[in-house]
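> sequence first, then the predicted structure:
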Amino acid sequence: MVFRRGGDDRRTEVVEEDEDGLNIVSGDDDGEELTGDLFEAGQLCDICRVEEGRVGLDPTCRGAYDGEPVLYGLKCLAEGLKAAYSGVEGVAVIVESFDEYSDHYYYRLDEMPAYQFVREDVEAISWLLLTIGDACARCGEQSRFAWLSRDFVDPRLPEGEAIFRNLEQDIEHLCGPCAGSALAVSYLSLELPLMTVELPRSAMGIVMPTGE
Ligand SMILES: [Zn+2]
Ligand SMILES: [Zn+2]
């Protein structure tokens with residue numbers, strides 16, 4: 001399943017080929033470490049040090065970018081995500097988390113073919129990215145994200161098949177803070193013991209549910 005852990009090795013290869021010298025992935029040993037668990041169940045929230053941490057935000061996207069991973073508890077999550085998404089440059093499509101998918105990974109647009117997204121899907125996402133930039137549907141500020149609920153994907157996320165659907169329907173565009181708030185609601189609603197989520201970090205890409 002390409003969107004799951006099996007895709008990690010390929011990601012490392014892609015990063016090393018495309019961004020040699022521009023990232024901190026320097027060898028196979030480092031790559032192995034990056035596929036380990038960044039966050040562990042039972043650790044305390046990094047912000048308040050009181051509550052149990054439930055959602056780990058990895059702005060490095062497993063070592064491809066700079067930044068410090070932060071583990072948030074339920075109370076600190078919304079403010080943390082709002083702040084993180086406020087700082088995102090570029091635009092991204094976000095596919096809402098659902099069901100048991102405990103990870104939410106970021107793929108650059110140019111990485112998508114290497115992860116077995118079919119051409120039809122890559123083209124659809126490319127087109128969707130170009131529509132972003134009008135007023136946020138919730139607050140009127142400039143949008144940076146297209147928000148796709150589970151109704152816009154095949155929930156099995158099958159490898160090597162087209163997974164997007166209904167893209168001709170109205171799609172909500174959100175600004176950074178509203179995207180952060182929407183994600184906090186989405187992550188909290190799943191009630192999973194521990195999630196690992198990434199942040200859009202390049203000019204264009206997609207955040208996708210993944211994991212067991
Ligand atoms: Zn906290
Ligand atoms: Zn907004």
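Received, thanks. Numbers count the residues shown, from 1 in each chain. Ligands and ions are numbered 1, 2, ... in the order given.

> near ligand 1, which residues of the protein show up?
Selection of the chain residues close to ligand 1 by CB under 5 Å from the ion yields 45, 47-48, 51, 73, 75-76. In short, each C-beta sits where N, CA and C put it, glycine included.

> same thing but 8 Å
For the chain, the contact set with ligand 1 under CB under 8 Å from the ion comprises 44-51, 53, 72-77.

> cross-check these against ligand 2 and keep the overlap.
Counting by CB under 8 Å from the ion, no member of these reaches ligand 2.

> which among these count as buried?
In these, burial by neighbour count holds for 45-47, 53, 72-74, 76-77, counting by 16 or more other CB atoms under 10 Å.

> which of those sit farthest apart?
Greatest spatial distance among those (CB to CB): Asp46 and Leu74, at 13.3 Å.

> tally up the residues packed near the closest residue to Arg119 other than its chain neighbours, please.
Leaving aside its chain neighbours, Arg119 sits nearest to Pro113 (7.4 Å; criterion: CB to CB, 6 or more residues apart in numbering). By the criterion of other CB atoms under 10 Å, Pro113 has 13 neighbours.

> what's the answer for Leu57, then?
Quick note: Leu57 (other CB under 10 Å) scores 26 neighbours.

> which SS state does it fall under?
For Leu57, the secondary structure call by DSSP: H, G, I helix; E, B strand; the rest coil comes out as strand.

> wait, it sits on Glu68?
No. Using CB atoms under 8 Å, Leu57 makes no contact with Glu68, being 9.4 Å away.

> now do the strands in this structure.
53-58, 70-73, 91-95, 103-108, 145-148, 172-174, 195-198, 204-210 (DSSP state E).

> which residues touch the fourth one?
Contacts of strand 103-108 with the rest of the structure, by CB atoms under 8 Å, 6 or more residues apart in numbering, involve 3, 7, 61, 92, 97, 115, 117, 183, 187, 195-202, 204-211.

> among the strands of the chain, which is nearest Arg138?
For Arg138, the closest of those is strand 172-174, at 6.4 Å, according to CB to CB.

> show me the shaky parts of this protein.
1-36, 212 (pLDDT under 70).

> what is the lengthiest helix in the chain packed up against?
Using DSSP state H, we find that the single longest helix of the chain is helix 176-190. Helices and strands touching helix 176-190, by 3 or more CB pairs under 8 Å, 6 or more residues apart in numbering; DSSP states H and E, are helix 74-86, strand 145-148, strand 195-198.
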